[in-house]
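*Asks:* using only what follows, build the 3D model:
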Amino acid sequence: MCRWLAYSGPPVHPDTFLFEAENSLIQQSLSAQMAITPTNGDGFGLGWYGSNPQPGLFRDVLPAWNDENLKCVAEQVECGLFFAHVRAATSTGISRSNCHPFRYGKWLFMHNGQIGGYRAIRHQLGRLISPDYYSHRLGSTDSETFFYTLLSNGLETDPQTAFARTVAQVEAVMAEAGVTSALRLTAAATDGDHIFAIRYASDDRAPTLFAGLGAAKGSTEPGLMVLSEPLNSQTEDWREVPMSHFVTAQGGDIEEAAFTPQDT
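*Replies:* Numbers count the residues shown, from 1 in each chain. Modelled structure (predicted):
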């Protein structure tokens, strides 16, 4: 399964957390501690917010540990909010367009997990996407399909409701097609101001998700992180997000609420 990290706080260079931490995201791409698939070498992505409303985006298909350009970008960019993702492909090919995060306007989205039976039902799932958004889809993943369905369900105005509607619709398509494998979802979306994240699974076996505070090297002021697994062994720094919960984070503040799919 994939590994990802979302940061919001004082401006930092992402390489602090991508490369330098004890259990950095690059270390997780080689040997994740809390994933079914320990190696995540099917591409990577970094999305960040600078002076423009639209986020910057850098993605490639090389393993994250083997791309010098990622290190160069991560040590030069300075930002107060970024998303980073290392991919373990499930049912779709390895290409830049299939690497996370995905971008639409000022929004970024990334995902760890899978829509069960995606190959068999991706046509039906594609029909959940509004024509206003469908032409913007570039790749073939279940993750990007989920993102554009979120946008179709009002992500830009009411993120929690959009997630509730989208999960309910996806599960309805799966049930109608007789899919028995699970929907598993730890995902995050951001508008450059708030981070919205979810941990959910239809079989109660959701991928791991944690929240905590971390300071960049040389800084005493921490930022908030939502991430697949902790960056160090200091357990007091991190708390696990319960299954079936929705997270809203901004700066150093984080709220968690119980999550229930609801197609209203």
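
*Asks:* gap between residue 8 and residue 50?
*Replies:* According to Cβ to Cβ, to the nearest Å, residue 8 stands 14 Å off from residue 50. Using the backbone N, CA and C atoms, a C-beta is placed for each residue, glycine as well.

*Asks:* just the helices in the stretch 151-264 of the chain please.
*Replies:* 159-176 (DSSP state H, counting those that start in this stretch).

*Asks:* show me where pLDDT drops low in the stretch 101-250 of the chain?
*Replies:* Applying pLDDT under 70 to the stretch 101-250 of the chain flags residues 218.

*Asks:* just the strands from it, written as ranges.
*Replies:* Ranges of strands in the stretch 101-250 of the chain, per DSSP state E, counting those that start in this stretch, are 102-104, 107-115, 183-190, 195-201, 210-214, 223-227, 238-240, 245-250.

*Asks:* in TSV: the ones you listed, plus mean neighbour count.
*Replies:* Listed next are these as TSV, based on neighbours: other Cβ atoms under 10 Å:
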stretch	mean neighbour count
strand 102-104	23
strand 107-115	26
strand 183-190	26
strand 195-201	24
strand 210-214	20
strand 223-227	24
strand 238-240	16
strand 245-250	19
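
*Asks:* in a markdown table, list these along with distance to residue 85.
*Replies:* Shown next, in a markdown table, are those (distance: least, Cβ to Cβ, whole Å):
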| stretch | distance to residue 85 |
| --- | --- |
| strand 102-104 | 10 |
| strand 107-115 | 5 |
| strand 183-190 | 9 |
| strand 195-201 | 13 |
| strand 210-214 | 15 |
| strand 223-227 | 11 |
| strand 238-240 | 19 |
| strand 245-250 | 17 |
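
*Asks:* closest to residue 160 out of those strands?
*Replies:* Residue 160 lies closest to strand 245-250 among those, at 5.4 Å (Cβ to Cβ).

*Asks:* the closest one pairs with which strands, parallel or anti?
*Replies:* Here strand 245-250 has these sheet partners by DSSP bridges: strand 195-201 (antiparallel), strand 253-258 (antiparallel).

*Asks:* can I get these in CSV including distance to residue 84?
*Replies:* Converted to CSV, these look like this (distance: least, Cβ to Cβ, whole Å):
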stretch, distance to residue 84
strand 195-201, 13
strand 253-258, 19
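
*Asks:* out of those, which comes closest to residue 212?
*Replies:* That would be strand 253-258 among these, by Cβ to Cβ, at 9.3 Å.

*Asks:* rewinding a little: among the strands paired with strand 245-250, which comes closest to residue 42?
*Replies:* That would be strand 195-201 among these, by Cβ to Cβ, at 21.6 Å.

*Asks:* so who does residue 171 touch?
*Replies:* 183, 202, 261 (Cβ atoms under 8 Å, 6 or more residues apart in numbering).

*Asks:* closest to residue 106 out of these?
*Replies:* For the contacts of residue 171, the nearest to residue 106 is residue 261 (26.1 Å; Cβ to Cβ).

*Asks:* look at residue 8 and residue 50 and report which has more neighbours.
*Replies:* residue 8 (24 against 16; other Cβ atoms under 10 Å).

*Asks:* who does that one bridge with?
*Replies:* In beta-bridge terms (that is, DSSP bridges), residue 8 pairs with residue 81, residue 224.

*Asks:* cool, and residue 12?
*Replies:* With DSSP bridges as the rule, residue 12 is bridged to residue 79.

*Asks:* ok now do the residue nearest to the spatial centre of the chain, which residues does it touch?
*Replies:* Residue closest to the average C-alpha location in the chain (Cα atoms, centre = their mean): residue 110, at 2.7 Å. With contact set as Cβ under 8 Å, 6+ apart, residue 110 has these partners: 2, 4, 6, 45, 47, 83, 85, 100-102, 143, 187-188.

*Asks:* that one and residue 240: what is the separation?
*Replies:* Taken as Cβ to Cβ, the span from residue 110 to residue 240 is 19 Å.

*Asks:* now residue 34
*Replies:* For residue 34, the distance to residue 240 - Cβ to Cβ - is 10 Å.
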